[in-house]
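Colleague: The following block contains a protein sequence and its predicted model.
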Amino acid sequence: MNLRDALKIRASEVTDETVYRDRRRLLAVFASLPALSLAGCADAEPPPASRTPVTPAQARAGFSTDEALTRYEDVTTYNNFYEFGTGKQDPSRAAKTLRTSPWTVEVAGECARPGRIALEDLLRGATEEERTYRLRCVEGWSMVIPWLGVPLADVLKRFEPTANAKFVAFTTLADRDQMPGLRVRSINWPYREGLRIDEAMHPLVFLATGLYGKPLPQQNGAPLRLVVPWKYGFKSIKSIVRIEFTERMPPTAWNDLQPREYGFFSNVNPDVDHPRWSQKTERRIAGDGAGRLFPQRIQTRMFNGYADQVASLYSGMDLKRWY
């Protein structure tokens, strides 16, 4: 299928597995296009607004859900991690080459205490918690995952970000010896993501080090990944090696590749369709233990169901513009 044909796919069809494979094939097409960047919006910030901070009780209400958990076997074998291949099962097979210890993270930019720090020191003093969050992929599928980890804000505050720190940028490891997918020019490696500083400090944002009570598997972003439950899954960057406080909006991988389809904010919003498929519903991934998936289609909720906790962050913003 070529790009012209792919763009003609009806919204009712694009959520099928065959269409996700078409999306992967499109990566090669996009990679051959002229470079796209955030030029012209690097300093973009939301309009001033009075935001009511989320209360501790509101935050705690978002830390768990009574929805059925996605099976561990499905969480760990149905993944997007293009550094290890573009197929859903590729990461679980190929990511065993990822060495997760020792692991260091560089902290840089607009902060008083920058430096390179070992993972165990980065997390020292933070209390490990379990949070059960919904994960909504931009492709139209979702899971419910019990994560282990620490609040991102508790880690970031230790580095004393300055008043100039308006955004937080994250970078994934990019090692061709460990990550065979880097040999394919699909994304402008390394993978990069970012949040506005108030988003990064929100109590829902989590640095995950495990899931289902076990250490985080390589294919799920070991040893350290971000979890931002009200945004599409590609915002929850994996295998983090760099955190930078910046004054300007940082470039991010998918937005850099195709900004018309993947916005910087990328909040889950059923009223804003992806240019090539609807976002009104999603396939909740479930399995039978034998590798066969039986997705259940459900309605997508604004902010992935976390509106009570995060809607105030975007008061006064045009949520369609800031997709």
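Modeller: Nice, I can see it.
Colleague: which residues in this protein form strands?
Modeller: When assigned using DSSP state E, the strands of the chain occupy the ranges 104-109, 115-118, 129-136, 141-151, 167-172, 192-196, 206-211, 214-215, 225-227, 240-246, 281-284, 296-299.
Colleague: Need the contact partners of the fifth one.
Modeller: What it means is strand 167-172. Strand 167-172 is touched from outside by 83, 109, 156, 190-197, 200, 226, 237-250, with contacts defined as CB atoms under 8 Å, 6 or more residues apart in numbering. For glycine as for every other residue, the C-beta is placed from the backbone atoms N, C-alpha and C.
Colleague: give the contact list for P190.
Modeller: Counting by CB under 8 Å, 6+ apart, P190 makes contact with T171, T172, L173, A174.
Colleague: For these, which single residue is the most surrounded?
Modeller: Of all the contacts of P190, the highest neighbour tally under other CB atoms under 10 Å goes to T172, namely 25 neighbours.
Colleague: need the contact list for the residue lying closest to it once chain neighbours are set aside.
Modeller: With sequence-adjacent residues excluded and distances taken as CB to CB, 6 or more residues apart in numbering, T172 is closest to Y191, at 4.0 Å. Contacts for Y191 (CB under 8 Å, 6+ apart) come out as Y82, E83, T171, T172, A174, I237, K238, A253.
Colleague: try it again with 7 Å
Modeller: For Y191, the contacting residues are E83, T172, I237, A253, by CB atoms under 7 Å, 6 or more residues apart in numbering.
Colleague: What of A311?
Modeller: A311 is in contact with F303, counting by CB under 7 Å, 6+ apart.
Colleague: Let me know the closest of the contacts of P190 to F63.
Modeller: T172 (25.7 Å; CB to CB).
Colleague: and the gap between that closest one and R192?
Modeller: 7 Å (CB to CB, to the nearest Å).
Colleague: And for E244?
Modeller: Taking CB to CB, one finds E244 at 10 Å from R192.
Colleague: cool, W147 as well?
Modeller: 22 Å.
Colleague: One more: L204?
Modeller: Distance from L204 to R192, by CB to CB: 22 Å.
Colleague: Then E261?
Modeller: E261 is 17 Å from R192, where distance means CB to CB.
Colleague: neighbour count winner among the two?
Modeller: Between E261 and R192, counted using other CB under 10 Å, the more crowded position is R192 (22 against 17).
Colleague: Burial check on P114, number of neighbours?
Modeller: With neighbours defined by other CB under 10 Å, the count for P114 comes to 16.
Colleague: Which residue, neighbours along the chain excluded, lies closest to it?
Modeller: A108 (4.9 Å).
Colleague: and that neighbour, what does it touch?
Modeller: A108 touches P114, R242, E244, counting by CB under 7 Å, 6+ apart.
Colleague: show me where pLDDT drops low in the stretch 201-323 of the chain?
Modeller: 288-293 (pLDDT under 70).
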